[in-house]
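S.K.: Return atomic coordinates for the entry below.
(chains A and B)
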Amino acid sequence: MISTDAFKITLKDLRLLSRDRRALVILVAMPMVIIAIVGSSTGRLRANRGQSRQGLTIEVADFDQSETARRLAGFLASYDSVKVRRAVISNRSDATTLERLQAEYPADEIDMRLVIRPGFESRIRELSTTLLTSPDESSRKEGLANVNLALISNETAADPMMEGLAKSLVKLSLQNAILPILAEKVPSFRGAARDSVIPAAWEQTAAARSGPTDTGNRVYQFFIPSYTVLFVFFLVNIMGRSFLGERDMGTLRRLRIAPISPVAILIGKTLPFFILSLVQTIILMISGRLLFGMSWGPQPWLLIPIMLCTSAAATALGLMFSTLAKTESQVSSSGNLILLSSAGIMDVWCLAPGCRH
Amino acid sequence: MASLLAVDNLVKKYGDLTAVDLLSFDVEPGEAFGLLGPNGAGKSTTMMIICGLLAPDYGEVRLEGRRLDRTRPESRQRMGVVPQDLALYPDLTARENLMFFASLYHLSGSKLQRKVDEVLEQVGLTGRADDFTETFSGGMKRRLNFAAAVMHDPVLLILDEPTVGVDPQSRAHLIECIRTLQQSGTAIIYASHYMEEVQVVCTRAAIIDHGKLLACDSIPQLLKQIPFEVELRLGQSRVPEGCRWELRLVLRWTVMKRSCDSAHRTNPANWHSTVMSQIF
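M.R.: Residues are numbered from 1 along each chain as shown, chains lettered A, B, ... in the order given. Predicted structure coming up:
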């Protein structure tokens, strides 16, 4: 009975919301416009709109040309969702090109650039086995630079998770790549070295031979989820207005007089906003893909629990403020506070190219 | 005959203020019962307790012999309430408003559709059924407010000053609707400070002030206590024609209140001077 009564109130509120143009503009149209404006300000609004990139694109500049360097690139290319491209190097001893590739940010379509400096393999051989295999981070504090490697991330990728992932993948690939060298020094590594499947030379892989990869709009990978979460919290204002309106119009009293339980009223009043928030998120995600070429990632279904949780969080917060606020100005001020906080959390203030660096 | 509604020794306090003080009255089935009193007398608090919006500090309310309990919403199924303030959704049409409120009383399907059409016709809003409520005049909103309370054919209809701010035409229409409903067997509790309205609608009335019951009797018995010569003299005075009706109500009310309060009982001549000094 509670669910039936709640459903009636939900339907009524959804009908009212569908007629509230202001709410629809704030929740759906405004985020689209802002994403488009911010996107165009970064010059990526229309870039590769028809395509979307999934995974990570790493450019490898191999100045060592050793077997270990080839193994490193090969293992890197063997990971799913990692595309490896070869940087054009005319001469492995071309110091100018080396300096340039280490100093310049990669092109837009590339997430990271791995520079394998000359002497990479010999450096590996020089290092003690203890240093190479020690689990103690302090002994490897110099990181990749210690073994003549440099990893340069895209200036506007604005995705620290991708950077972290790329570093981890390089380290894992490095561990596999140096196994033959370790096996020469430590007999116990021979089995592991023998068992490690050496991938086909990465230069022959389709990814390496192909031209610039499908890049999608990397910038929107960050913009759209950030602004979606930000605008989901606009719900607090709209929800507060609805609850206060119900009180001011006297209809809340009429609902309380009706033979329905208070729980049904609470559920019935809350559910429409959860649904609205979910619809808003879905619209923004679909629009992000269709209009801005945003990628949903290799497992798009994982977006569903994220969207459900985000909507539930916004609705719960909205419910809390709706019940606490006594006037519309209280709703507005508390709603704005939440918006600013969520904007900070979602890092939407830090979008300028290079800001993250 | 068993009472439809029994209000028994209700007490409601807000801090030190006693809003309702041991108030008791009964309403018979099909009866139109008036609840008279000035602002702050405790009428609305009493109504809210009967409706289940407030819990009394003491006493109880029984409808058809069953105790009305705030925790059992189903006990309010056979009760209709016309609140003093408009309680409608401006962004819904008149039909949508009625359908929504009726659905809360478990009306559905063709029965609901039929009832909506019937009630809209009863309150004279058939032609505006599909217009948004925000486009309605005050009087039309009042009629729709009334309609929303009678959709489920309640056995008891509670009206809390339903004609406040209504033009004379809509007021007459509303009163006519209430009378029709009462004649069809619905019991009515009509709270107002307009004696004239109570006189037209109700057969019996209770007068309360400061939460206490001052008098409870049939309308003719209550009216017997009003000195009509005072009213006639006022009619001959220089009061503008448009104000006379309202003044007459104020006068009647003030005099009646005093006549029911034994502590202030005096002779009619003194009432007149007291009342005139209060009015002017």
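S.K.: Now A:Arg85. Its backbone dihedrals?
M.R.: Here the main-chain torsion angles of A:Arg85 (degrees, to the nearest 10) amount to phi -120, psi 150.
S.K.: who touches the spatially closest residue to it that is not a sequence neighbour in this structure?
M.R.: Once flanking residues are discounted, A:Arg85 sits nearest to A:Glu59: 4.8 Å by C-beta to C-beta, 6 or more residues apart in numbering or on different chains. For every residue, glycine as well, the C-beta is placed using N, CA and C. A:Glu59 makes contact with A:Val84, A:Arg85, A:Arg86, A:Ala87, A:Pro106, A:Ile110, A:Met112, A:Arg113, A:Leu114, according to C-beta atoms under 8 Å, 6 or more residues apart in numbering or on different chains.
S.K.: pLDDT at the fifth one, what is it?
M.R.: According to the prediction, A:Pro106 has pLDDT 79.
S.K.: which residue packs closest to it, ignoring adjacent ones?
M.R.: Going by C-beta to C-beta, 6+ apart, A:Pro106 has A:Arg113 as its nearest residue, at 4.4 Å.
S.K.: okay, now that neighbour: neighbour count?
M.R.: By the measure other C-beta atoms under 10 Å in any protein chain shown, the count of residues near A:Arg113 is 24.
S.K.: cool, A:Leu101 as well?
M.R.: 22.
S.K.: Quickly find the element holding B:His152.
M.R.: Assigning secondary structure by DSSP states H and E places B:His152 outside every helix and strand.
S.K.: immediately after the helix of greatest length in chain A, which helix or strand?
M.R.: The single longest helix within chain A, with elements called by DSSP state H, is helix A:262-292. Using DSSP H and E, the helix or strand that directly follows helix A:262-292 along the chain is helix A:303-324.
S.K.: which residues sit against whichever helix or strand comes after that following helix?
M.R.: Using DSSP H and E, the helix or strand that follows helix A:303-324 in sequence is helix A:328-345. Residues outside helix A:328-345 that contact it (C-beta under 8 Å, 6+ apart) are A:229-230, A:233-234, A:236-237, A:240-241, A:244, A:317, A:321-322, A:324-325, A:349.
S.K.: Stretch B:126-137 too?
M.R.: The contact list for stretch B:126-137 (C-beta under 8 Å, 6+ apart) reads B:88-95, B:97, B:116-117, B:120, B:140-141, B:144, B:170.
S.K.: what's the span of it, first residue to last?
M.R.: Stretch B:126-137 has its terminal residues 15 Å apart, counting by C-alpha to C-alpha, to the nearest Å.
S.K.: thinking again about what came up before, does the residue nearest to A:Pro106 really touch A:Ala61, like I thought?
M.R.: Yes - A:Arg113 lies in contact with A:Ala61 (C-beta atoms under 8 Å); the separation is 6.4 Å.
S.K.: related to what we said a few turns ago, the residue nearest to A:Arg85: what secondary structure?
M.R.: Assigned state for A:Glu59: strand (three-state reduction, DSSP: H, G, I helix; E, B strand; the rest coil).
S.K.: okay, it: pLDDT?
M.R.: Predicted confidence (pLDDT) for A:Glu59: 85.
S.K.: Just grab the bridge partners of it for me.
M.R.: Following DSSP bridges, A:Glu59 is listed with bridge partners A:Arg85, A:Arg113.
S.K.: mind checking how far it is from A:Ala103?
M.R.: Using C-beta to C-beta, to the nearest Å, we find A:Glu59 at a distance of 14 Å from A:Ala103.
S.K.: A:Gln280 too?
M.R.: To A:Ala103, A:Gln280 is 43 Å away according to C-beta to C-beta.
S.K.: The two - which one has more neighbours?
M.R.: It is A:Gln280, of A:Gln280 and A:Ala103, that has more neighbours when counted by other C-beta under 10 Å, with 25 against 9.
S.K.: For the stretch 251-357 of chain A, list the residues in contact with chain B, please.
M.R.: By C-beta under 8 Å from any C-beta of the partner chain, the part of the stretch 251-357 of chain A that sits against chain B consists of A:Thr251, A:Arg253, A:Arg254, A:Leu255, A:Arg256, A:Ile257, A:Ala258, A:Pro259, A:Ile260, A:Ser261.
S.K.: now those residues as a markdown table including secondary structure and neighbour count?
M.R.: Formatted as a markdown table, these follow (DSSP: H, G, I helix; E, B strand; the rest coil; neighbours: other C-beta atoms under 10 Å in any protein chain shown):
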| residue | secondary structure | neighbour count |
| --- | --- | --- |
| A:Thr251 | helix | 24 |
| A:Arg253 | helix | 19 |
| A:Arg254 | helix | 25 |
| A:Leu255 | helix | 22 |
| A:Arg256 | helix | 17 |
| A:Ile257 | helix | 23 |
| A:Ala258 | coil | 26 |
| A:Pro259 | coil | 19 |
| A:Ile260 | coil | 25 |
| A:Ser261 | coil | 17 |
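S.K.: and which of these is nearest to B:Leu10?
M.R.: B:Leu10 lies nearest to A:Ile257 out of these, by C-beta to C-beta, at 17.6 Å.
S.K.: tell me the contacts of that closest one?
M.R.: A:Ile257 makes contacts with B:Cys51, B:Gly52, B:Leu53, B:Arg76, B:Met79, B:Val81, B:Pro83, as judged by C-beta under 8 Å, 6+ apart.
S.K.: If I follow the layout properly, A:Ile283 ends up in contact with A:Pro31?
M.R.: No - in terms of C-beta under 8 Å, A:Ile283 does not count as a neighbour of A:Pro31; the distance is 9.1 Å.
S.K.: Neighbour count for these two, which is higher?
M.R.: Applying other C-beta under 10 Å to A:Ile283 and A:Pro31 shows that A:Pro31 carries more neighbours, namely 25 against 16.
S.K.: Please identify which of the contacts of stretch B:126-137 is nearest to A:Leu151.
M.R.: Nearest member of these to A:Leu151, counting by C-beta to C-beta, is B:Asp91, at 57.1 Å.
S.K.: Double-check that the closest one belongs to a strand.
M.R.: No - counting by three-state DSSP, B:Asp91 is located in no strand; its state is coil.
S.K.: number of nearby residues for it?
M.R.: B:Asp91 has 17 neighbours, counted by other C-beta under 10 Å.
S.K.: Can you get me a residue count around A:Pro225?
M.R.: Burial measure for A:Pro225: 20 neighbouring residues, criterion other C-beta under 10 Å.
S.K.: Then A:Asn154?
M.R.: A count of neighbours around A:Asn154, defined by other C-beta under 10 Å, yields 22.
S.K.: Show me which residues of stretch B:21-30 are buried.
M.R.: Across stretch B:21-30, burial judged by 16 or more other C-beta atoms under 10 Å in any protein chain shown covers B:Asp21, B:Leu23, B:Phe25, B:Asp26, B:Val27, B:Gly30.
S.K.: And what about the third one, helix, strand or coil?
M.R.: Which is B:Phe25. Per three-state DSSP, B:Phe25 ends up strand.
S.K.: That one and B:Val61, how far apart?
M.R.: B:Phe25 is 10 Å from B:Val61, by C-beta to C-beta.
S.K.: Then the first one?
M.R.: Applying C-beta to C-beta, one obtains 16 Å for the distance of B:Asp21 from B:Val61.
S.K.: contacting residues for B:Leu144?
M.R.: Applying C-beta under 8 Å, 6+ apart to B:Leu144 gives the contacts B:Leu88, B:Ala94, B:Asn97, B:Leu98, B:Val123, B:Leu125, B:Thr133, B:Phe136.
S.K.: Show me which of those residues is closest to chain A.
M.R.: Comparing the contacts of B:Leu144 against chain A with C-beta to the nearest C-beta places B:Leu88 closest, at 7.0 Å.
S.K.: That closest one: neighbour count?
M.R.: 25.
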